[in-house]
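[1] got a predicted structure plus its sequence, pasted below:
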Amino acid sequence: MANAKILTPTHTLLMGRIQLSTSKSESNRALMIRAYGGFDRLITQLSDAEDTQLLKTNLKQIKDCSQSAIPLVIDCGNAGTVFRFLLTYLATLPGKWMLTGSGRMQERPVGELVESLRNLGADISYTSKEDFAPLRIHGKMLHGGQTAVDISRSSQFASSLLLAAPQWENGLALQLRGSQSSLPYIEMTIALMRHFGAVVKQQNDKIIVEPVPYKNVGLRIHPDWSAASYWYEMMALSKGGELVLDHLSLNSLQGDKVIAQLFEQLGVQSHQEPDGVRIFKQGKTVKEFECDLRHNPDLLPALAVSCAGLGVTAKFTGLDNLVHKESNRLLALKTELLKLEVFFQEIKKGSYILKPNKKLPVFNASKPLLINCWADHRIAMAFAPLALKVGALQLNDPDVVAKSYPAFWSMMRTTGLFNQS
């Protein structure tokens, strides 16, 4: 395949300084706050991830073409955050809109957010299948008030509503319903809203946003802890060495910083330096690994492939929502790991066990392990470090990493750890 990438290890000691993409989660929320406030102040270190650039482009298109007499089509590709955040934004913006996305985006349910917005007076209808994009939106001024939203399938439904609320005449009283998953992302939303002057009170599963408009203040986006997970994986699968993850902070707002604690069980230690987080291999690897990823589902690929490479039996719980990501991530992991006779099996709803192959097969550049990336950036980045254990692997869609971490392959090259072709 023309765009395939073959990785073969050149050595097994890992050294270097790594630049991470800045957080697209922080960036996307900051862009929405800036749009609601009508601000033009620059956001420092805005993420270069495709999702963030798509949101920025769509917001500009909406601003330039508002009040169109015919529905303006806004295409969100396969960017779930972009689609969900823009759904509330367009519902509050006078005009006619058609919100759509890729084929995969049209398989990702959005009905809970639509219903919650309708309860606030929004005019939204499905153009095809109930609960899914595309959506026809007749935007108008909303006044806020009280509503509830089920966040079992995505915490972004709540974040989408909260981000709009400070600009509403009546603010918002939001009741969270369903399984309380990915709560750190809602907490990140609230922290960023407060940074921009919003008044937000959280009372268990109810969030109150006062009608206090955002202030035009500056913001610097921080490095992305989700991206850091692949370097922790790289260190775990290597023979040792050390990396400095530039400007990363163990005191980040991002919930995925928990990866530092989780990888201690896989032999990787972290130390906060003035200019970033230094990671190194020190300590024993557990024989059995277990964690609840209800609040950090994006960490599963790096953890699962690490356990497979290290021969560690693992149990993962809280995985109910992963079928609704960029790919069906559970099926993707099960399928690709099976090529190594590593079994990733559901034991009950949302819970999986990984049974490793204690003697992984070895491949070479002329006959590498073939990995399908499933059009999913996290699958591509999670399987790349596995070349350290299997000798050589080929990824069929390496460019998909641009969705969240465009510089991933160039950073891989700086380590000198792999031949890449």
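    Cool, the structure landed.
[2] now for Pro166: which residues touch it?
    Tyr36, Met193, Gly197, Ala198, Val199, Val209, Glu210, Pro211, Val212, Pro213, Tyr214 (Cβ atoms under 8 Å, 6 or more residues apart in numbering). Heads up, the C-betas are built off the backbone N, CA and C, glycines and all.
[3] buried subset of the residues you listed?
    For the contacts of Pro166, a burial check counting by 16 or more other Cβ atoms under 10 Å picks out Tyr36, Met193, Ala198, Val209, Pro211, Tyr214.
[4] leaving aside the residues next to it on the chain, what's closest to the second one?
    With Cβ to Cβ, 6 or more residues apart in numbering as the measure, Val200 is the residue that lies nearest to Met193, at 5.6 Å, once sequence neighbours are left out.
[5] about what we covered before: which of the contacts of Pro166 sits closest to Ala91?
    Tyr36 (12.5 Å; Cβ to Cβ).
[6] now the phi/psi pair for that closest one, please.
    Dihedral pair for Tyr36: phi -60, psi -40, per degrees, to the nearest 10.
[7] wait, it touches Tyr214, no?
    Yes: counting by Cβ atoms under 8 Å, Tyr36 touches Tyr214, with 6.4 Å between them.
[8] common neighbours of those two, please.
    Common neighbours of Tyr36 and Tyr214, using Cβ under 8 Å, 6+ apart, are Pro166, Gln167.
[9] so what's Ser116 up against?
    Residues near Ser116 by Cβ under 8 Å, 6+ apart: Thr147, Ala148, Val149, Phe157, Leu161.
[10] so which of these are in helices?
    Counting by DSSP state H, the part of the contacts of Ser116 found in helices is Phe157, Leu161.
[11] can you put the contacts of Ser116 in TSV and add pLDDT, distance to Gln167 and neighbour count?
    Shown next, in TSV, are the contacts of Ser116 (pLDDT from 0 to 100; distance: Cβ to Cβ, whole Å; neighbours: other Cβ atoms under 10 Å):
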residue	pLDDT	distance to Gln167	neighbour count
Thr147	97	16	18
Ala148	97	20	19
Val149	96	18	24
Phe157	96	18	28
Leu161	98	12	28
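[12] mind listing the helices for the chain?
    So, for the chain - with DSSP H - the helices run 24-37, 50-64, 80-91, 111-119, 156-164, 183-195, 225-237, 259-262, 300-310, 329-338, 377-383, 387-390, 408-415.
[13] which strands or helices does the first one pack on?
    Taking 3 or more Cβ pairs under 8 Å, 6 or more residues apart in numbering; DSSP states H and E as the contact definition, the neighbouring helices and strands of helix 24-37 are strand 43-44, helix 50-64, helix 80-91, helix 156-164, helix 183-195.
[14] one more time with 6 Å, if that's ok
    Applying 3 or more Cβ pairs under 6 Å, 6 or more residues apart in numbering; DSSP states H and E, one finds that helix 24-37 contacts helix 50-64.
[15] list the contacts for the spatially most central residue of the chain?
    What sits nearest the mean C-alpha location of the chain, by Cα atoms, centre = their mean, is Asp298, with 5.8 Å. Shown in contact with Asp298 (Cβ atoms under 6 Å, 6 or more residues apart in numbering): Ser226.
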